[in-house]
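K.L.:
below are the sequence and a predicted model; questions follow.
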Amino acid sequence: MFSTRRGARFPSSSAIASIDPASAGLSRRRLLGLSAGAGVALLASACGAGGDSSDSAGSKTLTLACEGGGKIELQPIVDKFRQQTGTTVTLVELPYDGLFNRLTSELAGAKASFDICAIDAVWIPLFAGKLAPLDDLFTPAVQADLFPALVKEPQVGGHFVGMPVWTNAEVLLYRTDLFGDPKEKAAFKAKYGYELVPPATWEQFTDVAQFFTRPDKKLYGTDVKGKVETEWLAHVLQAGSPGVVLDDTGAVIVDNSQHLAALAFYADLQNKYKVSPAGAAQIDWSAAQNLFNQGSTAMTRFWAHAYRQIPTDAAVAGKVGAAPMIGGSAGVAGIPGPWYLSVPQSSAKQDLAKQFIQFCYDNNALSLDTSLGLAARKSAYQQYADKKGFEAFGPLLKTLDAPATRSRPAHPKWQQIVDSALIPMLQKAVTPGADYAALLKSTRTQIEGIIK
């Protein structure tokens with residue numbers, strides 16, 4: 001689905017034209033967790049890229065550059081927009097890296113071949129200077145119906161440069177056949193002194209993970225993902241950190257007390273409690289999803305969309321519940337994974353493009369009936385939260401709306417920080433005997449070198 005390239009170095013948006021597309025790939029696998037099972041099938045497709053906004057049909061046409069997930073989400077809205085306005089929106093579908101490369105090339109030129117583009121959250125710092133303001137779309141009512149992180153993230157230089165079209169976050173998925181078993185419930189209460197329920201805190205999560213870890217039966221309490229950073233960063237926010245890795249001023253805070261507490265909790269699940277299968281340093285989203293679907297783990301912290309995409313022939317099919325992401329001293333928190341719709345400054349159809357983006361916001365709930373099934377508006381998720389098959393939406397709402405939930409730093413070198421510093425550090429941290437404080441101190445030095 002997504003290409004993962006390490007060590008990419010990203011300049012500021014003013015230097016887009018100098019980016020080498022071959023070396024600037026981004027790791028969206030780790031951002032959205034859509035890399036396994038049905039997620040691969042949904043987002044792997046990529047067709048030939050075409051499209052030119054200067055078409056013969058005049059102003060009643062628009063071209064929108066997106067990747068596979070965006071096409072799936074937007075198609076029903078595009079169809080309705082054409083029915084109601086007579087405007088045809090052509091979705092130019094590109095693979096993830098292909099979309100990034102095309103945006104990199106065309107936004108730097110005098111005229112892009114598209115009127116609207118889908119922007120991954122981590123691209124905003126790179127492309128913001130080439131995008132038209134959408135300030136008039138962000139009325140107080142619109143902002144009130146978006147999660148706080150999705151209002152803050154697309155603001156650059158005092159202007160909104162993207163309207164969120166969907167977002168995601170990790171929640172807790174757990175096996176209801178285990179949690180609902182009377183024998184398991186009795187045994188757990190006898191051992192820990194409280195009821196066996198989906199854990200809400202770090203302490204409860206650790207207890208439950210230990211309780212269900214039975215290597216002789218090839219069952220583990222949970223997974224520990226050493227090859228992705230997002231989950232650990234969610235725990236950093238749960239510990240009360242004012243930001244992840246960088247604070248709002250851009251200062252490096254990766255070695256503060258909250259980062260250390262989160263790392264100790266995260267890595268101790270593997271090193272001290274051994275509640276995850278061996279090889280945690282190589283467990284990524286795909287491996288974790290497979291472990292859970294195969295029945296090898298009792299719980300997983302995973303992106304909410306996966307709840308609806310458990311294969312019908314999976315060992316856990318029909319036996320999965322969802323709860324909000326667990327919380328630390330600051331309560332529940334997650335790292336959102338949004339996409340935005342933006343308009344190039346060079347587009348000759350900005351008014352029509354903004355009309356379509358407003359229409360996407362107004363009809364955001366249509367995307368929830370797609371096979372990917374994600375939205376951006378609170379009210380859209382609320383419409384579906386009580387429907388059968390959408391049980392993960394309630395926990396997703398609570399996680400995204402939690403006060404401690406925050407976006408990743410808006411830094412043009414963020415992905416280099418992830419690939420060159422955070423992932424290698426986590427892989428070392430999930431090795432028995434790791435010195436967590438020393439690892440974070442070394443990581444701080446490395447990050448300071450990257451952003452200097």
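P.N.:
It's in. Numbers count the residues shown, from 1 in each chain.
K.L.:
for Gly70, which non-adjacent residue is closest in space?
P.N.:
The spatial neighbour of Gly70 that comes closest, neighbours along the chain excluded (C-beta to C-beta, 6 or more residues apart in numbering), is Ala118 at 4.2 Å. Every residue, glycine included, has its C-beta placed from N, CA and C.
K.L.:
roughly how far does that neighbour sit from Asn363?
P.N.:
Distance of Ala118 to Asn363, computed by C-beta to C-beta, to the nearest Å: 16 Å.
K.L.:
so those two - more neighbours on which side?
P.N.:
Neighbours per residue (other C-beta atoms under 10 Å) separate Ala118 from Asn363, with Ala118 holding more: 27 against 16.
K.L.:
any stretches of the stretch 1-150 of the chain with poor pLDDT?
P.N.:
Low-confidence regions of the stretch 1-150 of the chain, defined here as pLDDT under 70, cover residues 1-58.
K.L.:
now the residue nearest to Gly70: which helix or strand?
P.N.:
Secondary structure from DSSP states H and E places Ala118 in strand 116-120.
K.L.:
list the neighbouring strands of that strand plus their orientation.
P.N.:
strand 61-67 (parallel), strand 339-342 (antiparallel) (DSSP bridges).
K.L.:
tell me which of the ones you listed sits most buried.
P.N.:
Neighbour counts (mean count of other C-beta atoms under 10 Å) averaged over each of the strands paired with strand 116-120 peak at strand 339-342, with a mean of 26.
K.L.:
can you dump the C-alpha coordinates of it into CSV?
P.N.:
What follows is strand 339-342 as a C-alpha-only set of coordinates in CSV (Å, rounded to 0.1, in the frame of the first residue of the first chain):
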residue,chain,number,x,y,z
TRP,A,339,-6.3,13.9,5.8
TYR,A,340,-7.2,17.3,4.4
LEU,A,341,-8.6,18.7,1.2
SER,A,342,-6.6,21.8,-0.1
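K.L.:
now do it: distance to the chain's middle.
P.N.:
Taking C-alpha atoms, centre = their mean, to the nearest Å, the mean C-alpha location of strand 339-342 is offset from the chain mean by 14 Å.
K.L.:
and for that strand, what's in contact with it?
P.N.:
With contacts defined as C-beta atoms under 8 Å, 6 or more residues apart in numbering, strand 339-342 is touched by 64, 69-70, 116-121, 124, 127, 131-132, 134, 154, 161-167, 357, 360.
K.L.:
picking up where we left off before, and the helix or strand just after the strand holding Ala118, what does it pack onto?
P.N.:
Using DSSP H and E, the helix or strand that directly follows strand 116-120 along the chain is helix 124-127. When contacts are defined as 3 or more C-beta pairs under 8 Å, 6 or more residues apart in numbering; DSSP states H and E, helix 124-127 sits against helix 96-107.
K.L.:
avg pLDDT for stretch 386-401?
P.N.:
Mean pLDDT, computed over stretch 386-401, is 97.
K.L.:
in it, what counts as buried?
P.N.:
For stretch 386-401, the buried set under the neighbour-count rule, 16 or more other C-beta atoms under 10 Å, comprises 390-401.
K.L.:
now render these as a markdown table, adding distance to Pro432 and secondary structure.
P.N.:
Shown next, in a markdown table, are the buried residues of stretch 386-401 (distance: C-beta to C-beta, whole Å; DSSP: H, G, I helix; E, B strand; the rest coil):
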| residue | distance to Pro432 | secondary structure |
| --- | --- | --- |
| Phe390 | 41 | coil |
| Glu391 | 37 | coil |
| Ala392 | 34 | coil |
| Phe393 | 39 | helix |
| Gly394 | 38 | helix |
| Pro395 | 32 | helix |
| Leu396 | 34 | helix |
| Leu397 | 38 | helix |
| Lys398 | 35 | helix |
| Thr399 | 31 | helix |
| Leu400 | 35 | helix |
| Asp401 | 38 | coil |
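K.L.:
mind listing what's buried in stretch 95-106?
P.N.:
95-104, 106.
K.L.:
what number of residues lie near the residue nearest to Glu448 when sequence neighbours are not counted?
P.N.:
Among residues not flanking Glu448 along the chain, Val252 sits closest, at 5.5 Å (C-beta to C-beta, 6+ apart). Neighbours of Val252 under the rule other C-beta under 10 Å: 19.
K.L.:
my guess is Ile423 contacts Lys227. True?
P.N.:
Yes. Between Ile423 and Lys227 there is a contact at 6.5 Å, judged by C-beta atoms under 8 Å.
K.L.:
re earlier: contact partners for the residue nearest to Gly70?
P.N.:
Counting by C-beta under 8 Å, 6+ apart, Ala118 touches 64-67, 70, 74, 99, 165, 339-342.
K.L.:
measure how the longest helix seen in the chain sits relative to helix 96-107, angle-wise.
P.N.:
Using DSSP state H, we find that the single longest helix of the chain is helix 68-85. With axes from the mean of the first three to the mean of the last three C-alpha atoms, to 10 degrees defining the directions, helix 68-85 sits at 60 degrees from helix 96-107.
K.L.:
next SSE downstream of helix 68-85?
P.N.:
That would be, after helix 68-85 and using DSSP H and E, strand 88-94.
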